[in-house]
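> Sequence first, predicted coordinates after that:
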Amino acid sequence: MAEQIVTGYKKWLENIGEQGVFFTRFVGNVFNGSFEWSEFVRQCYEIGYRSLMLVGITAFIMGMVLILQLRPSLLELGAESMLPRTLSISLIREIGPVITAIICAGKIASSIGAELGSMKVTEQIDAMEVSGANPIQYLVVTRILATSFMVPLLALTGDAIGLLGGYLALTFTDSISFSLYFHKCIAALDFTDFIPAFIKTIFFGFAIGFVGCYKGYHSDKGTESVGLAANSAVVTASLWIFVIDAIAVQITSLLFYR
Amino acid sequence: METFINNNGENGAMEDIVVEISHIKKAFGVNEVLKDISVCVKRSENVVVLGKSGQGKSVTIQCIVGLLTPDEGSVKVFGKEVSEMSDAELKDLRTKVGFLFQSGALYDSMTVRENLEFPLTRVLKIKDQKEIDKRVEEVLDGVGLLDAVDKLPCDLSGGMRKRVGLARTMIVKPEIMLYDEPTTGLDPITSREISELILHMQKRYKTTSIIITHDMECAKITADRVLIMNDGMYIAEGSFDELKNSEDIKIKAFFNETT
């Protein structure tokens, strides 16, 4: 039993060490001066544009559901007019970024993990390495930077679509003009709502890209390991999103909402 | 000039030796794969390493390009110790040493043209599109696949993938070629074609080749010298015909088993 704990602990430490080395290689390659622009743009398209529909639909439904759930409670308090304000604050500060990041973890981290895992199994990464090309530069740096760049943009788009969903739900029961609804939503917000939320989505994007690349790049050789890499990438990236969110909320509260 | 190799790492003539492996050992956990391997390969020579699966043949050539590091012993390529090379030196070495993987290892999201252009633009940093097109055409012509230039790897047969893999490796004009089971998984006719292609490319580009295989036909066609590997050690060395006609019990047993 004690031996198993020691072995598990050793493996955990080894894993942390490997991630540290991988991070160092990533940082080293970001600044080595031969950036793969075309691959970066391709990844932005794959990660951003191809996830837009999924993020949009989810955000739209979330906006609708939030309004439908909030309405009875606020109605009870006689604060029905606060609905747009409540929705916009909860959506922009928390629900929009986190839901977008979780959707991206499921779609992007798994896809990166499976793609790189499959390249590892079929010796494509080894082939790149022995040819003298730099697989970290071509495969890892581009993907991590693309997720760090696109997830914040997806989150902003998701926020806007979520507000639209909220408006649609509100029109089921209340009569409110589109301009008044959006005026109320925007008036409730200031930069201390937008900026911290935007910054944390950059970290969400980084975590999704980093975990996906790490899991794929370090998968074992064998078909089963591709599935494991994809699965492990989703689970780990989702966990990291919540950890980063918890830290971000603490920092934001200390800085802005004391 | 004869270059002599045995498990004691003795080598007769040191001139023109491009790969020098002495007393390497490699284990994965408790599984000892290489148990004291020594070999020297001279320039423009075709050395075939014959052995059954799981004998450590692929591990040996992976040590040559620094994909694996031996637990003990020394691997020198062009006179330099591979394990002591800096990243820049290792990159430089890898532009001089081509490696054809068992599967071809084509980048499956790229067309044949993009696969061939990849080492030219990323490794040799060639910017001139005319020069790139000329090299792609030349090397594809060499492997007889000019028509497949815009196809994706998934649209190619196993033999065609190996040819494209060979073309991608040869396009940077390496001085040494390492072939990992080049004919595995192919039908006898295609295997023969690939073996003859290896010989043709070796003559055309004057490369030194180390070919890992368990295919006797491939060894017969391509080898200047054959090494037989068994249980992590070399048990015999000589020309293909010498070994095939050997009276040594171990060698006879090996040829009987593998044929």
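Arrived safely, thanks for sending.
> what helix or strand is the residue lying closest to residue B:57 once chain neighbours are set aside on?
Setting aside the residues directly before and after it, residue B:57 is nearest to residue B:212 in space (Cβ to Cβ, 6 or more residues apart in numbering or on different chains), at 4.3 Å. The way it works is simple: take the backbone N, C-alpha and C, and place the C-beta from them, glycine included. According to DSSP states H and E, residue B:212 maps onto strand B:208-213.
> partners of that strand, with directions?
strand B:46-50 (parallel), strand B:176-180 (parallel) (DSSP bridges).
> follow-up on the earlier one: so who does the residue nearest to residue B:57 touch?
Applying Cβ atoms under 8 Å, 6 or more residues apart in numbering or on different chains, we find residue B:212 in contact with B:48, B:49, B:51, B:57, B:58, B:60, B:61, B:178, B:179, B:180, B:181.
> shaky segments in chain A?
A:33, A:258 (pLDDT under 70).
> what residue is smack in the middle of it?
residue A:101 (2.8 Å; Cα atoms, centre = their mean).
> Look up the residues forming beta bridges with the nearest residue to residue B:77 once chain neighbours are set aside.
Nearest residue to residue B:77 in three dimensions, chain neighbours excluded: residue B:19, at 5.5 Å (Cβ to Cβ, 6+ apart). Following DSSP bridges, residue B:19 is listed with bridge partners residue B:41, residue B:77.
> what's around residue B:19, how many residues?
Applying other Cβ atoms under 10 Å in any protein chain shown, we find 23 residues neighbouring residue B:19.
> Likewise for residue A:98?
Neighbour number of residue A:98 under other Cβ under 10 Å is 19.
> Also residue B:249?
8.
> what are the ranges of the strands in the stretch 151-259 of chain B?
B:176-180, B:208-213, B:225-230, B:233-238 (DSSP state E, counting those that start in this stretch).
> tilt between the third one and strand B:233-238?
Here strand B:225-230 runs at an angle of 150 degrees relative to strand B:233-238 (axes from the mean of the first three to the mean of the last three Cα atoms, to 10 degrees).
> Tell me the strands beside strand B:225-230, with direction?
Looking at strand B:225-230 with DSSP bridges, what it pairs with is strand B:46-50 (parallel), strand B:233-238 (antiparallel).
> pretty sure residue B:35 belongs to a helix, no?
No - under DSSP: H, G, I helix; E, B strand; the rest coil, residue B:35 falls outside any helix and is assigned strand.
> Pick out whichever of the contacts of residue B:212 sits closest to residue B:163.
Ranked by distance to residue B:163 (Cβ to Cβ), those are led by residue B:179 at 12.7 Å.
> The closest one bridge partners, please.
residue B:100, residue B:211.
> and the nearest residue to residue B:161 once chain neighbours are set aside, how far is that from residue B:168?
Leaving aside its sequence neighbours, residue B:161 sits nearest to residue B:104 (Cβ to Cβ, 6+ apart; 3.9 Å). For residue B:104, the distance to residue B:168 (Cβ to Cβ, to the nearest Å) stands at 9 Å.
> mind checking the backbone torsions on the closest residue to chain A within the stretch 101-250 of chain B?
In the stretch 101-250 of chain B, the residue that lies nearest chain A is residue B:105 (3.7 Å; Cβ to the nearest Cβ). Backbone torsions for residue B:105, taken as degrees, to the nearest 10, come to phi 50, psi 40.
> For residue A:158, see how far away residue B:97 is.
For residue B:97, the distance to residue A:158 - Cβ to Cβ - is 49 Å.
> Next, count neighbours for the closest residue to residue B:231 other than its chain neighbours.
What sits nearest to residue B:231 in space, not counting adjacent residues and going by Cβ to Cβ, 6+ apart, is residue B:55, at 6.7 Å. Using other Cβ under 10 Å, residue B:55 is surrounded by 21 other residues.
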